[in-house]
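Asker: From the sequence below, what's the structure:
(2 chains)
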Amino acid sequence: MIQSSMATKREIIRLVLEGRKPPYVPWSCGFTKAARAKLEPYFAPIELELALDNHLVKLGSDIGFFTDLGDHRVRDIFGVVWDRSIDQDIGNVEGCLLSEPSLAHYTFPDPLDQRFFAHIPEKIARYPDRFRVFQIGFSLYERAWTLRGMQNLLMDFYVHPQFVRELLGTIADYNITQVQAAVKYDIDAVYFGDDWGGQHGLLMGPKIWRSFIYPVLGRMYRAARQAGKYVFIHSCGDVDELFEDLIGIGVNCFNPFQPEVMDVPDLLRKHRGRLCFHGGLSTQKTLPYGSVDEVRQETRSLLKLGQTGGYIFAPAHDVTGDVGLENMLAFIELIQNQPGYGRN
Amino acid sequence: MSLLDDVRQSVIDGDMQSTQALVNKAVGEKMPAEQILNGGLISAMEEVGRRFECAEFYVPEMLISARAMKSGLAILRPHLVAAKVRAVGSVVIGTVQGDLHDIGKNLVGMMLEGGGFEVIDLGADVTAEKYVAAVKEHHPDLVGCSALLTTTMPRMEEVIHSLREAGLRDQVKVLIGGAPVTEKYAADIGADGYAPDAALAAACAKKLIQEKGK
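Answerer: Prediction:
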């Protein structure tokens, strides 16, 4: 089959980023290991990634590389140990690598480690029509707290502000070096992940965010924009008060667009053409607790909102293992049955 | 400003050194420990909670204020014991089994402590059995359960069920919270209270204590 619109996925994503009407609403959906374990047998023998037919191809390594320490523990390239006995996808930080507010005895890993780049040509060749996104997870505040501990870092904003500026600046230097290497490949966007929000507002508040984080983000995003690449970002939580700031420093697309903490229809209409949204389907309520009909209803209204552009459909988080297979299939079937979409 | 006002302000400002110096000064001037606690430390944390609720304060401000309050409380504690001043109530808190996220639970613990409660923190990944054992050992007034994930929320109901099975449910009030938790969910599983954030958790805990006393 061919796509009736004749547009490639890459072109369709570009259309929605510019706020223009796409032939159908594109999507890029993620699933945790536990959710994949339910979906994979359903689609077998077709590989899940092929069955989903996502419109983004993810390049780089968003959370980095790990050394297995046994007993469900792994060490990342920054030296941080993660306990994966419960959260098998990312894990939870164990201990505190920077127990003192100082970088004097710490050396950052090599941002040009070939493992970040070696797979890019092969993956682009495998999914040539998809929009290519080089991912950097834990890109600033989150990298800082994984090294220093979340409570320590949040207090350091007041108690050791110079250390925080040095730490964030060094993390940004690391990322910028990686972005400069990534843009030498035929990629379309750089995706920076960083969680700033809680269920009600910013964890660190707007004053601290604008003083410490915003200037460093501007420097990182500029590295991608100056190379002619789009900037995608991810921040969980209630952060829509930052959208004007983020647009001002070059952000093109925001994920996860959680409906529990922001007004999805209002924001989509308000920012269409200036900021695209990726996500939107409730993973805190509808997917785990709603009926199939409720999942269909929410998916349909998101697809309707996205018809005029500015939107990439996805569950607002990688779907978790407590979501029933029938609820996962409910939204997958609807997005793939859109008029205008035809599998290549 | 009075010395007590200065103690209060130093906690609101998150100035740990000043809090310690001012509490020491108040103790040295023979100010009753209970007065320093209520008029200085607890009053300050109530104000911190109020500012958090109206988005004047965020987590960093709450953390440094709690740190100052705890440092003052450490100085004051032997004097409170000597004066036989009792806590407002006692609370066993934890993040439920299968969930290792603890900053929300830690903030709740700090605000409860700042509200005059004795806090027994069981940590993260706490099984229903551990909650039951802690209730048997510490005889708290309240049990607080936190969960960040939809996958771990059902463990809260297990805690309530286990307390009931152990014949302890009537002895404690159960307060729950966490990102995906709602008031409706709390009602559905038979919890006594729900708080959407740490500041309101302390207020809710006080309300539950009052109800328990009736």
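Asker: now the residue lying closest to A:R75 once chain neighbours are set aside, what's its secondary structure?
Answerer: Leaving out its chain neighbours, the residue that sits closest to A:R75 by C-beta to C-beta, 6 or more residues apart in numbering or on different chains is A:T67, at 4.7 Å. Placement of C-beta: from N, CA and C, glycine included. Under the three-state scheme (DSSP: H, G, I helix; E, B strand; the rest coil), A:T67 adopts strand.
Asker: do you know how far A:T67 is from chain B?
Answerer: 20 Å (C-beta to the nearest C-beta, to the nearest Å).
Asker: any idea which residue sits dead centre in chain B?
Answerer: Centroid-nearest residue in chain B, with C-alpha atoms, centre = their mean: B:L112, separated by 1.7 Å.
Asker: What strands line up against the longest strand along chain B, and which way round?
Answerer: Of all the elements of type strand in chain B, the one with the most residues (DSSP state E) is strand B:89-95. Paired neighbours of strand B:89-95 in the sheet (DSSP bridges): strand B:117-121 (parallel), strand B:142-146 (parallel).
Asker: List the contacts of it.
Answerer: The list of residues contacting strand B:89-95 from outside it, by C-beta atoms under 8 Å, 6 or more residues apart in numbering or on different chains, reads B:101-102, B:104-105, B:108-109, B:112, B:117-126, B:130-131, B:134-135, B:138-148, B:172, B:175, B:205, B:209, B:212.
Asker: For chain A, which residue gets nearest to chain B?
Answerer: A:G205 (3.2 Å; C-beta to the nearest C-beta).
Asker: count of neighbours near the nearest residue to that residue once chain neighbours are set aside?
Answerer: Counting by C-beta to C-beta, 6+ apart, the nearest residue to A:G205 once its immediate chain neighbours are dropped is B:Y58, at 3.2 Å. Other residues within reach of B:Y58, judged by other C-beta atoms under 10 Å in any protein chain shown, total 22.
Asker: Any idea how many residues pack against B:S162?
Answerer: 18.
Asker: who's in contact with it?
Answerer: B:S162 sits in contact with B:128-129, B:131-132, where contact means C-beta under 8 Å, 6+ apart.
Asker: go on, B:I176?
Answerer: B:144-147, B:156, B:185-186, B:189, B:191, B:193-195.
Asker: rewinding a little: got a markdown table for the strands paired with strand B:89-95, with distance to A:G198 and mean neighbour count too?
Answerer: Below are those laid out as a markdown table (distance: least, C-beta to C-beta, whole Å; neighbours: other C-beta atoms under 10 Å in any protein chain shown):
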| stretch | distance to A:G198 | mean neighbour count |
| --- | --- | --- |
| strand B:117-121 | 20 | 20 |
| strand B:142-146 | 13 | 30 |
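Asker: JSON lines please, covering the ones you listed and showing mean pLDDT and distance to B:S43.
Answerer: Listed next are these as JSON lines, based on pLDDT from 0 to 100; distance: least, C-beta to C-beta, whole Å:
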{"stretch": "strand B:117-121", "mean pLDDT": "96", "distance to B:S43": "15"}
{"stretch": "strand B:142-146", "mean pLDDT": "96", "distance to B:S43": "22"}
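Asker: got those as a markdown table, with distance to A:A35 columns?
Answerer: Output for the strands paired with strand B:89-95, formatted as a markdown table (distance: least, C-beta to C-beta, whole Å):
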| stretch | distance to A:A35 |
| --- | --- |
| strand B:117-121 | 32 |
| strand B:142-146 | 24 |
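Asker: wait, which of those strands is closest to A:A314?
Answerer: strand B:142-146 (27.6 Å; C-beta to C-beta).
Asker: and the closest one, how far from the chain's centre?
Answerer: In terms of C-alpha atoms, centre = their mean, to the nearest Å, the centre of strand B:142-146 is found 10 Å from the chain centre.
Asker: which outside residues touch it?
Answerer: By C-beta under 8 Å, 6+ apart, strand B:142-146 touches B:89-96, B:99, B:101-102, B:104-105, B:108, B:112, B:117, B:131, B:135, B:155-156, B:159, B:163, B:172-178, B:191, B:201, B:205, B:208-209.
Asker: what about 6 Å?
Answerer: Residues outside strand B:142-146 that contact it (C-beta atoms under 6 Å, 6 or more residues apart in numbering or on different chains): B:91-93, B:95-96, B:104-105, B:156, B:159, B:172-178, B:205.
Asker: Put the buried members of those residues into a ChimeraX selection.
Answerer: Restricted to buried positions by 16 or more other C-beta atoms under 10 Å in any protein chain shown, the ChimeraX selection for those reads:
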select /B:91,92,93,95,96,104,105,156,159,172,173,174,175,176,177,178,205
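Asker: Among the contacts of strand B:142-146, which lie within helices?
Answerer: The helices, defined by DSSP state H, take in B:104-105, B:156, B:159, B:205 from the contacts of strand B:142-146.
Asker: now those as CSV including distance to chain A and pLDDT?
Answerer: Below are the ones in helices among the contacts of strand B:142-146 laid out as CSV (distance: C-beta to the nearest C-beta, whole Å; pLDDT from 0 to 100):
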residue, distance to chain A, pLDDT
B:G104, 8, 89
B:K105, 12, 94
B:M156, 14, 96
B:V159, 17, 97
B:A205, 19, 95
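Asker: can you redo these as JSON lines with distance to B:E47?
Answerer: Supplementary listing: these in JSON lines, determined by distance: C-beta to C-beta, whole Å:
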{"residue": "B:G104", "distance to B:E47": "21"}
{"residue": "B:K105", "distance to B:E47": "23"}
{"residue": "B:M156", "distance to B:E47": "30"}
{"residue": "B:V159", "distance to B:E47": "32"}
{"residue": "B:A205", "distance to B:E47": "17"}
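Asker: near chain B, which residues of the stretch 1-150 of chain A?
Answerer: Within the stretch 1-150 of chain A, the positions near chain B by C-beta under 6 Å from any C-beta of the partner chain are A:86, A:92, A:150.
Asker: quick one: which of those residues has the most company?
Answerer: Most surrounded of those: other C-beta under 10 Å gives A:M150, at 21 neighbours.
Asker: Tell me, how many residues neighbour residue 8?
Answerer: The chain I'm using is chain A. By other C-beta under 10 Å, neighbour count at A:T8 equals 16.
Asker: Oops, wrong one, chain B.
Answerer: For B:R8, using other C-beta under 10 Å, the count is 24.
Asker: For the contacts of B:S162, which entry has the maximal number of neighbours?
Answerer: B:Y131 (29 neighbours).
Asker: Using PDB, list the CA coordinates for stretch A:292-301.
Answerer: Extracted C-alpha coordinates of stretch A:292-301, given in PDB (Å, rounded to 0.1, in the frame of the first residue of the first chain):
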ATOM      1  CA  VAL A 292     -12.200   1.100  25.600                       C
ATOM      2  CA  ASP A 293     -14.900   3.600  24.600                       C
ATOM      3  CA  GLU A 294     -13.300   6.300  26.800                       C
ATOM      4  CA  VAL A 295      -9.900   5.700  25.200                       C
ATOM      5  CA  ARG A 296     -11.600   5.900  21.700                       C
ATOM      6  CA  GLN A 297     -13.400   9.100  22.600                       C
ATOM      7  CA  GLU A 298     -10.300  10.800  23.900                       C
ATOM      8  CA  THR A 299      -8.300   9.700  20.900                       C
ATOM      9  CA  ARG A 300     -11.000  10.900  18.500                       C
ATOM     10  CA  SER A 301     -11.100  14.300  20.000                       C
END
